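J.: Sequence below, structure please.
(chains A and B)
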Amino acid sequence: MSLSAMQSLDGTVLTIRMAAKFDFNVHAQLRAAYRGEGKRFTGYVVDLQDTTYMDSSALGMLLQIKEFAGGSPQAVRIRNAGTSIKDILEIANFQKLMMIE
Amino acid sequence: MLKRQPWVALLFGIVTITCSLTAPPVLISGSAGIASLVVWWWSWRRACVLSAKPPVQAERGRAQDSPALQAALLEVVGQFGQDVKDVRQEIERTLVLLSDAVHTLGESFRGLGDDSRQQAVVIQEVSGALSSGLGANDENSPAEIKAGQMTISKLVQTTAEVVRRFVDMVVISSKHNMDSVSTIDDMAVRMDGIFSLLSNLPGVVEKTNLSALNPAIEAARAGDAGRGFAVVADGVRNPSRTSTSFNQKIKENVQLAREAIDLTRDSAGHAASQDMSLILAGKKDLDVMMRALTEFEVFLKTRIDNTSDISGQIDLRVADAVRSLQFEDIVRQITEFAKQKLAHIEGMTSAFSGQLAQLDVRDPGAVAADLQQLLAIYRKRQPRNPAAQRSMRGGEVSLF
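T.: Residues are numbered from 1 along each chain as shown, chains lettered A, B, ... in the order given. Down below sits the predicted model:
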């Protein structure tokens, strides 16, 4: 199952729903998804509902999205992360770098 | 009858003389009175002689019994004196044992007190090392140790900081590697562009080749006149053939570069991909250990405080024990008194034995007087009891 991206109705927020495995292999696809056709959104939501595995490259990619979004901690929201995924985000102190819902 | 007779004669004599003084004839009755008194005197003398006889017989009896009696009394008094001496010696031995035991106890308690104080000092050092760091109070320690960095809480704090930095480093490194991957991807897109541009080149060469072919045919048809033109046409076809092989080489190199880029991309990708679950598990283990260590530190501190309290209690109890050992003084005084008293009794029995040895049974009055005198001396020289204190509770003065 690959990732999917969907714009909000008003076109300001891009929601990317990640696959089960969030690692280096999704890089090109993810990059294409958030860069799109060069359009910049005011907010990016990364939905981790289906994600069960995440390595440090995923953290690097989340930071890339944040950088692309302008670097503000409010620009990137992580949604629906499971306990083990949340543990990884917390150990990396991501709660201070972006919004974890 | 004989006993009563003198008293009748005396009464008669007194009455007769009294009557002769009050009524006549004075001479007759006076003579009779005097005669009566003479009868009384004689009778009394006789009675005295008669009554003196039986005591002589009793004296003889006691004189016969006295050596056995004397020996029995001497034996009783001697046994009594020996027993008193035995008891006095036992008391003396008890006093020596008591003195030794109390001395040893005193030494033990003093040693216990010293040990307890030394222990308190050691505990104080451990407590100091725990709260301000090992070697923090040592002049020779390096500056960072003096600053109190070698504590358990500092270790826990530093370890947590190191782990946090390590995780940060992993994340930042992943970010940089992923940035490289992104750049490589962009580069690959450019490479692919070059590749597709190069794929157009053979068509251009072919067209050039064909374009040069026609002038060559025309030059051949013109014969000698077209020979110079044929050279020009050949000149156009040759670079075209050269560019085909050149193009082939570029294609090969770009392909190699593309493969190298893919390898680099994979390497950067692998470098970016650290298994976070391993780091997480390690961090969790470390957290548990550090929490246990923190709890252990608290546990140590409380127990050390408890031990300090116990040391204080030991000091108090040792002081109590040492004070209680003053009982020896009182017991010694009491026992000394008992000993003196026994010595006194011993002296008395000895003196009594002396009296018994030279007992003159024929003169009981003298014996009684001697015994009375002996008793008076015994009472007069009676030792006084000096021990007044009966409790160990009062007073703080140490005798040791």
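J.: ok, B:Ile217 - contacts?
T.: Applying Cβ atoms under 8 Å, 6 or more residues apart in numbering or on different chains to B:Ile217 gives no contacts. C-beta coordinates here come from the backbone N, C-alpha and C atoms, glycine included.
J.: next SSE after the helix or strand hosting it?
T.: Using DSSP states H and E, B:Ile217 falls within helix B:152-221. Next helix or strand after helix B:152-221 toward the C-terminus (DSSP H and E): helix B:227-272.
J.: now the angle from that next one to helix B:152-221?
T.: 170 degrees (axes from the mean of the first three to the mean of the last three Cα atoms, to 10 degrees).
J.: The closest residue to chain A within chain B - how many residues pack around it?
T.: Going by Cβ to the nearest Cβ, chain A is nearest to B:Ser174 of chain B, at 3.3 Å. When neighbours are defined as other Cβ atoms under 10 Å in any protein chain shown, B:Ser174 has 29 of them.
J.: Check A:Val26 too.
T.: Neighbours of A:Val26 under the rule other Cβ under 10 Å: 19.
J.: picking up where we left off before, close enough to count as contact, the residue of chain B closest to chain A and B:Gln274?
T.: Yes - look at B:Ser174 against B:Gln274 with Cβ atoms under 8 Å: they come within range, at 6.8 Å.
J.: Check the contact lists of these two and give me the overlap.
T.: Common contacts of B:Ser174 and B:Gln274 (Cβ under 8 Å, 6+ apart): A:Ser56, A:Ser57.
J.: Show me the shaky parts of chain A.
T.: Scanning chain A with the threshold set as pLDDT under 70 gives A:1.
J.: can you give me the strands for it?
T.: Assigned by DSSP state E, the strands in chain A fall at A:4-7, A:13-17, A:21-22, A:43-47, A:53-54, A:76-79, A:99-100.
J.: so which of those gets nearest chain B?
T.: Closest to chain B of the strands of chain A is strand A:53-54 (Cβ to the nearest Cβ; 6.5 Å).
J.: ok, and what's touching that closest one?
T.: By Cβ under 8 Å, 6+ apart, strand A:53-54 touches A:Ala20, A:Lys21, A:Phe22, A:Asp23, A:Leu48, A:Ile85, A:Ile88, B:Met276.
J.: can you rerun that using 6 Å?
T.: Here strand A:53-54 makes contact (Cβ atoms under 6 Å, 6 or more residues apart in numbering or on different chains) with A:Lys21, A:Phe22, A:Ile85, A:Ile88.
J.: ok, and of the residues you listed, which contact chain B?
T.: Among the contacts of strand A:53-54, the ones lying near chain B by Cβ under 6 Å from any Cβ of the partner chain are A:Ile88.
J.: Most neighbours among the contacts of strand A:53-54, please name it.
T.: A:Phe22 (25 neighbours).
J.: Touching, that one and A:Ser56? I think so.
T.: No - look at A:Phe22 against A:Ser56 with Cβ atoms under 6 Å: they stay out of range, at 10.8 Å.
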